Structure formats: C-alpha cells, structure tokens
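[1] predicted structure and sequence below. I'll ask about it afterward.
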Amino acid sequence: MSELTIVLSDLSFTECPRWHDGRLWLSDFYTNQVLSVAPDGSDLRTELIVPRQPGGIGWLPDGRLLVVSAQDHRILRRELDGDVVVHADLSEYVPGNLNDMAVDSHGRAYIGNFGFDLAGGAKPAATNLIRVDVEGCVEQVADELWFPNGAVVTDDGVLLVNETLGNRVTAFDIDAHGDLRNRRVWAKFGDVPAGDDIVTMITGANVAPDGSCLDAEGALWIADALHGKAIRVREGGEVVEEIQADTGVFACMLGGEDGRTLFLCTAPDFDPAARSAARESQVLATLVSVPHSGRP
C-alpha cells in the first residue's frame, strides 16, 4: 500500500486541487476559501474569499486567476492588482450549481454543472458543458453529460471530462476555435445507473469519477467518490493502479517539485450539512512513479 501523509487538516470539504507556481491550491467549499499551501503543509494562505462557494480554479495565460463561484453561476477573475471582478455570468446557461473547471493554454475555460437542483432534492438529469473564452464570452459546447465534474486538457488538445453520475470519462477534441469535436467514451466503468435521486445513481455506479489529473503516460488519476480511493486509469478503462484511503476521496492532483506527488482531497462523505458543520476534511499526499502532464 502507498504511504499517505497529511498535508492539511481541519478543513470543511476540500476540492479542485491545482499545482501552480510551486504551491498546492484548492477550494474549501464551506469556509468559502481558495487556499494555497507549500507542499509540506506550511505557509497556508487564503488567496480569495468566494461567498457563494468556490469550485474549479485556473489561470489565464497572463497569470490572472479564475475561480468558479458555484452557487451564483459565475466565474470570478482576480486581476494582477488584486481586484476581483466577474469574468462571466453563466446563469442563463446552466440548470444547477457550477462544478469543476479546466482552463486550456489559450485561456478558454470549460465548466461543468450539476444539471439539477441537488439541494432541493430534484431528480438527476443530464446537462451541458460551457466554454468561457478569455474575453468572457460564454457558449454551450456539449450536452447530455451526467454531472460533468473534474476535467483535464491533454498537451495534444483533448478535453477529458469525468461524468460522476455517468460511470464514465468522455473525451472531445478541441479545435482551433475552442469548439469540441469527435465526442467519444474514453473510459467506461459500466452503464449509466438508473435512479430518481443522486444517492441511488451514485451508488449504482462501479466508479463515481470526481476530480482527476493527467500523468505523462496519458493515464488519468481519478478520485472515486464512491469507494474512498484514487485509481489510475488508461484510455479504454483499464485500472492499472489504485490508492485506498480510509475516508472518502473526492479530488486529486499531481504536483511537487518533480510532479510525482499525488495530493488527495478527502472527507468522510459529501453531505453538505455534515461537512459544513465539521472540520474533518484533509489533504493527503503520496509519491507515485509517473509525473504530471496536461492542464490543470
């Protein structure tokens, strides 16, 4: 078994980890903070407060920070002078809270959403994927995705999107204009589960792919939100390695000086009431053999 060490603890629900400029960045949902920390857990900083819950994190080519504001369906941008502005308002485009985000080398952001009113107990439904260009222009670029969540962009321009309720990872080629072409299933763990609520659907999946990151061999490390582990998956769906934790694992990121430290965002469960009332989320780390690649 891989040895897991604690990097951070006493947080509410950590998600969307990123490695950037020698530091680990992440969102803590129920304290409304975007945090950054040295790889050994020292020098913890609050980078941004997002009152309507932070989500995915990315950077424009000029270094400006983008952060998902999940509950009010906005993408925030922190300017180089520290001012925070609305980069894009997605309210007209999405039927549920915003989720994770991947930003490509051109500054185009691809954002998922729940697809339904999770907090209100609505029946799960397939939803769309939104692109926000570097100037803030908004466009729907895909549909019929089941809870599009963690996403990566490969170095050769392929977008991989985890469908947490879909039991699969879906791939698209990104064309010169940022549009998505050649949709296909990159990894299938089983059929899309049937159900009228998120618990039934997610527990009916073989894998509930949440956050993920890419390595230099083209494999994905995927946080399996159902089984408390991170799995390393090759195109086609073969699971070639797994790291089991004694708690839930909801996101992961490769980083560290040589890109071989795998950071895991963990918590006992994903229940909003329980997580907002406690400080039981941790960031764990372990060493792996293949370094990071792609974005984020």
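    Looks like it arrived, so ask away.
[2] residue contacts, residue 185?
    168, 169, 170, 171 (CB atoms under 8 Å, 6 or more residues apart in numbering). In this view, the C-beta of every residue, glycine as well, is placed from N, C-alpha and C.
[3] which neighbouring elements make contact with the helix or strand where the second one lies?
    I take that to be residue 169. Here residue 169 sits within strand 168-174, counting by DSSP states H and E. Applying 3 or more CB pairs under 8 Å, 6 or more residues apart in numbering; DSSP states H and E, one finds that strand 168-174 contacts strand 158-163, strand 180-188, strand 209-215.
[4] which residues are contacting that strand?
    104, 108, 142, 145, 153, 157-163, 180-189, 192, 209, 212, 220, 222, 233.
[5] count the neighbours of residue 143 for me.
    Close neighbours of residue 143, defined as other CB atoms under 10 Å, add up to 11.
[6] what's the nearest residue to it if we skip its chain neighbours?
    Nearest non-adjacent residue to residue 143, counting by CB to CB, 6 or more residues apart in numbering: residue 128, 4.6 Å away.
[7] OK, contacts around the one you found?
    93, 94, 113, 115, 140, 141, 142, 143, 145.
[8] list just the nearest of the residues you listed to residue 27.
    residue 113 (15.5 Å; CB to CB).
[9] so how far is residue 276 from the closest one?
    20 Å (CB to CB, to the nearest Å).
[10] which one of those two has more residues nearby?
    residue 113 (26 against 13).
[11] related to what we said a few turns ago, helix, strand, or coil at the residue nearest to residue 143?
    The three-state assignment at residue 128 reads strand, by DSSP: H, G, I helix; E, B strand; the rest coil.
[12] of the contacts of strand 168-174, keep whichever come out buried.
    Buried members of these, scored by 16 or more other CB atoms under 10 Å, are 104, 108, 142, 145, 153, 158-163, 180, 186-189, 192, 209, 212, 220, 222, 233.
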